[in-house]
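Engineer: I would like the atomic coordinates for the input below:
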Amino acid sequence: MNASAQQNVFVIHHPLVQHKLTLMRNKETSTSSFRRLMNEVSMLMAYEVTHDMAMQEIEIETPLERMKSRVIDGKKLVFVSILRAGNGILEGMLSVIPGARVGHIGLYRDPKTLGAVEYYCKMPQNMNQRDVIVIDPMLATGHTAVAAIERIKEFKPKSIKFVCLVSCPEGISAVHQIYPDVAIYTASIDRQLNEHAYIVPGLGDAGDRIFGTK
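Structural biologist: Down below sits the predicted model:
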């Protein structure tokens, strides 16, 4: 994992992540393969994103003797999935950290204004004691990410990170103009947005490709 030229942006360059991302970009990749690859990439990205999680020592007994060893408290972590495409990342991350809590924010992009419109929000209790990882496959205009972060901050979590598979300079700038404290983790910073506000070269509409819809 390497920090990009922009502060608080981290690009995950691991060969397995990049390999699977390339397969996902291919327009010939089937829905089932795309979904499987998303799950695998999410697991790999989870390792990188949680590298700085707090740990504590507990006492255990091995087959040979008692010892003290370190563990994480997954219950203090919350994955917040931005519906619907965020759920494509959620399963893979939960397979790595099954003790994490899960929140959901339902947002859709208004086709005329490109602004984010909320239709659902459900968070775990005691958010002020938890670290949040927001997940969404794409960071395009940044409007959805900003709206999600704004909503989550109302719950006063200890920290917020944003994880996406593909991003672009416009989306990163939009988020960090308002929330420079939110670290962004991504597998790629693509070239730009096109006239329809899609990331190019990108991988198309992540939600449609995960769920086989148009």
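Engineer: tally of neighbours for Ala85?
Structural biologist: 23 (other Cβ atoms under 10 Å). Bear in mind the C-beta positions are built from the backbone N, C-alpha and C, glycine included.
Engineer: what bits of this structure have low per-residue confidence?
Structural biologist: The chain contains residues with pLDDT under 70 at 1-6, 74, 114.
Engineer: So which residue of it lies furthest out from the middle?
Structural biologist: What lies farthest from the middle of the chain is Leu64; by Cα atoms, centre = their mean that is 40.4 Å.
Engineer: And that one, how far from Gly115?
Structural biologist: Leu64 sits 61 Å away from Gly115, going by Cβ to Cβ, to the nearest Å.
Engineer: Ok, Gly202 next?
Structural biologist: Gly202 is 20 Å from Gly115, by Cβ to Cβ.
Engineer: Give the full set of residues in contact with Thr213.
Structural biologist: With contacts defined as Cβ atoms under 8 Å, 6 or more residues apart in numbering, Thr213 is in contact with Gly207.
Engineer: quick check, it in a helix?
Structural biologist: No - using DSSP: H, G, I helix; E, B strand; the rest coil, the assignment for Thr213 is coil, not a helix.
Engineer: residue boundaries of the helices in this protein?
Structural biologist: 15-25, 31-49, 87-96, 143-153, 169-178, 206-211 (DSSP state H).
Engineer: What is the fourth one packed up against?
Structural biologist: Packing contacts for helix 143-153, counted by 3 or more Cβ pairs under 8 Å, 6 or more residues apart in numbering; DSSP states H and E, involve strand 77-83, strand 101-109, strand 116-122, strand 131-135, strand 159-167, helix 169-178.
Engineer: Mind listing what's buried along the longest one?
Structural biologist: Which is helix 169-178. Neighbour-count burial for helix 169-178, counted by 16 or more other Cβ atoms under 10 Å, picks out Glu170, Gly171, Ile172, Ala174, Val175, His176.
Engineer: what does stretch 45-54 rub up against?
Structural biologist: The contact list for stretch 45-54 (Cβ under 8 Å, 6+ apart) reads 1, 10, 12, 14, 17, 72-73, 76-77, 89, 92-93, 96-97, 131, 133, 161, 163, 165, 185, 187.
Engineer: Pull out the buried members of the residues you listed.
Structural biologist: Buried among the contacts of stretch 45-54 (16+ other Cβ under 10 Å): 10, 12, 17, 76-77, 89, 92-93, 96-97, 131, 133, 161, 163, 165, 185, 187.
Engineer: if we can go back for a sec, and the helices and strands packed on helix 143-153: which comes nearest Val41?
Structural biologist: Nearest to Val41, of all these, is strand 159-167, at 6.4 Å by Cβ to Cβ.
Engineer: Name the nearest residue to Cys164, sequence neighbours excluded.
Structural biologist: Excluding the flanking residues, the one nearest Cys164 by Cβ to Cβ, 6 or more residues apart in numbering is Leu139, at 4.3 Å.
Engineer: Next up, the contacts around that neighbour.
Structural biologist: Taking Cβ under 8 Å, 6+ apart as the test, what Leu139 contacts is Ala145, Phe162, Cys164, Val166, Ser167, Cys168, Gly171, Ile172, Val175, Ile184, Thr186.
Engineer: give the contact list for the fifth one.
Structural biologist: If a contact means Cβ under 8 Å, 6+ apart, then Ser167 has Met138, Leu139, Ile184, Thr186, Ser188, Ile189, Asp190, Ile199 as its contacts.
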